[in-house]
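*Asks:* here are the coordinates; sequence isn't available:
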Ligand code: GLN
């Protein structure tokens, strides 16, 4: 099953490795033609302003938005969560604007810029998940159609809305591929690939 990883900036290779671990067929997406045949697309961590700019420059913003609207699963990690959000605190323009969430960027304070913690994630069996947070966003508001999958210290850090999945943390930076498997199952259950 072909699952894309948006390859413009950020931790692309780590997602590719986790997808290989679960036997999926990862495709690094750099231009619109790379979207053909995908059953899902991962938007990696990195810097959301930069990735958003590059998506516009390489004409990927509209086709990826169309994919998400057509029901193809999209999974945003960290910066990818910000790309998916309909609203960004501070009045910044949204990027894909697909997900009915409001996010705050860099929400865990300076001295805690990076940290790890064990989180239980709803729908992911087998015990807590080691979650790596790097200058991570959190979700400040969710729409009625959004399911909260995980919280950390009262802040929402993992959400799902139908075919859209987002986590503040980076599952690709651990050896644990359960969230990638969860996403691959969403992709398997969804409608056929992008034409
Ligand atoms: N702080 C970054 C942003 O706001 C996200 C960090 C990350 O993806 N690790 O875009």
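*Replies:* That came in fine, so what should we check first? Note that this is a predicted model, so its numbers are computed, not measured.
*Asks:* Tell me where this structure has strands.
*Replies:* Residue ranges of the strands in the chain, as given by DSSP state E, are 2-6, 25-29, 40-43, 74-77, 85-88, 99-104, 114-119, 129-134, 138-142, 147-152, 155-161, 164-167.
*Asks:* Could I get those in TSV, plus columns for distance to residue 184 and mean pLDDT?
*Replies:* Placement of C-beta: from N, CA and C, glycine included. What follows is these, written out as TSV (distance: least, Cβ to Cβ, whole Å; pLDDT from 0 to 100):
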stretch	distance to residue 184	mean pLDDT
strand 2-6	7	98
strand 25-29	10	98
strand 40-43	7	98
strand 74-77	10	98
strand 85-88	23	98
strand 99-104	19	98
strand 114-119	20	94
strand 129-134	16	95
strand 138-142	23	98
strand 147-152	16	98
strand 155-161	14	98
strand 164-167	11	98
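*Asks:* Just name the most buried of the ones you listed.
*Replies:* Of the strands of the chain, the one with the most neighbours on average (mean count of other Cβ atoms under 10 Å) is strand 74-77, at a mean of 29.
*Asks:* In a markdown table, list the strands of the chain along with distance to the ligand.
*Replies:* Formatted as a markdown table, those follow (distance: least, Cβ to the nearest ligand atom, whole Å):
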| stretch | distance to the ligand |
| --- | --- |
| strand 2-6 | 12 |
| strand 25-29 | 17 |
| strand 40-43 | 10 |
| strand 74-77 | 7 |
| strand 85-88 | 9 |
| strand 99-104 | 9 |
| strand 114-119 | 9 |
| strand 129-134 | 4 |
| strand 138-142 | 11 |
| strand 147-152 | 15 |
| strand 155-161 | 13 |
| strand 164-167 | 11 |
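*Asks:* I'd like those strands laid out as TSV, including distance to residue 188.
*Replies:* What follows is those, written out as TSV (distance: least, Cβ to Cβ, whole Å):
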stretch	distance to residue 188
strand 2-6	10
strand 25-29	13
strand 40-43	9
strand 74-77	14
strand 85-88	26
strand 99-104	21
strand 114-119	24
strand 129-134	21
strand 138-142	25
strand 147-152	19
strand 155-161	15
strand 164-167	14
